[in-house]
Each structure stands twice: as C-alpha cells, then as structure tokens.
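**Student:** quick check, what structure comes out for this input:
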Amino acid sequence: MLLRLCSRNHVQPAIQRVVDRMDRQGFAEKDVFAMRLALEEALVNSLIHGNKSDPTKTVEVRCTVNCTEIEVQVQDQGQGFDPDAVPDPLAPENLERPCGRGLLLMRHYMTSVKYNDVGNCVTLVKEKG
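**Tutor:** I've put the predicted structure just below:
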C-alpha cells in the first residue's frame, strides 16, 4: 500500500487504512494501539518538522503487513535530521522541553525503528505480540 499526504487532515484516514490492514491480519488490540500512536507521531513529525508544513510537499507512507508483522515507512521531502542528536526527553534538564517525546514513544511501542542515512525516512516495524 502506498499513500501520499500533504496535510494533517490526511493523518487520521491514513492511520485508519494501516490499522484496518492490521485488523484483517489478526493483530491484537494492543499492537493496533501501538501502531496508531507511533504512526501518528511519525506522520505529524514528517509534515510539521520534515516538510515544514509546506502544503506543496508530500509525505509518502508505504505499508506491508503479513500474519507476523507490519512494516510502515514514512518519508518526507525535508532535509532530514539526526535522530541521535535529539536530546533525551527524560533527562532532568529536558523535562520541560517539548522535543523528543514522539521519538521516545515510537521507540517504546515499536519492535524496531530505523531511519535512513538522511533522516527523512523512518521505518516502523511491529511484530505481533
């Protein structure tokens, strides 16, 4: 499945299409919840931070799912970033800062979170739990 988004209005319908595929493959409710949360973070980050909320730029979502796992790639048209350079939101000095929480949630809820070398594409993998 390939989807293209250019605004936040498209986020929830895209997530619904992904989780519908998970439902058809028999993923547990907790796995669906995890993907909903992580995918929303990835999509919103791509639209706002990656594409700088530019409506002429798109975010591509590629999804493959089978009976054991789902893999979702989210790629924006931005310049990318270094995810390792994002401060740890749990460090005492960062508790009041708003950045990094989405990345933390994605890492916590997914089996695997990987970025391409540029940092403008994240691959989320969730194995059936």
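
**Student:** longest single helix anywhere in the chain?
**Tutor:** Among the elements of the chain assigned as helix by DSSP state H, the one spanning the most residues is helix 29-45.

**Student:** each with direction, which strands does the next helix or strand after that one pair with?
**Tutor:** Next along the chain after helix 29-45, taking DSSP states H and E as the criterion, comes strand 59-65. On the basis of DSSP bridges, the sheet neighbours of strand 59-65 come out as strand 2-5 (antiparallel), strand 69-75 (antiparallel).

**Student:** how far off helix 29-45 does strand 59-65 point, in degrees?
**Tutor:** With axes from the mean of the first three to the mean of the last three CA atoms, to 10 degrees as the basis, strand 59-65 and helix 29-45 are set at 160 degrees to each other.

**Student:** what mean pLDDT does strand 59-65 get?
**Tutor:** Strand 59-65 shows a mean pLDDT of 98.

**Student:** for that strand, which positions count as buried?
**Tutor:** V59, V61, C63, V65 (16 or more other CB atoms under 10 Å). No exception for glycine: its C-beta is placed from N, CA and C like everyone else's.
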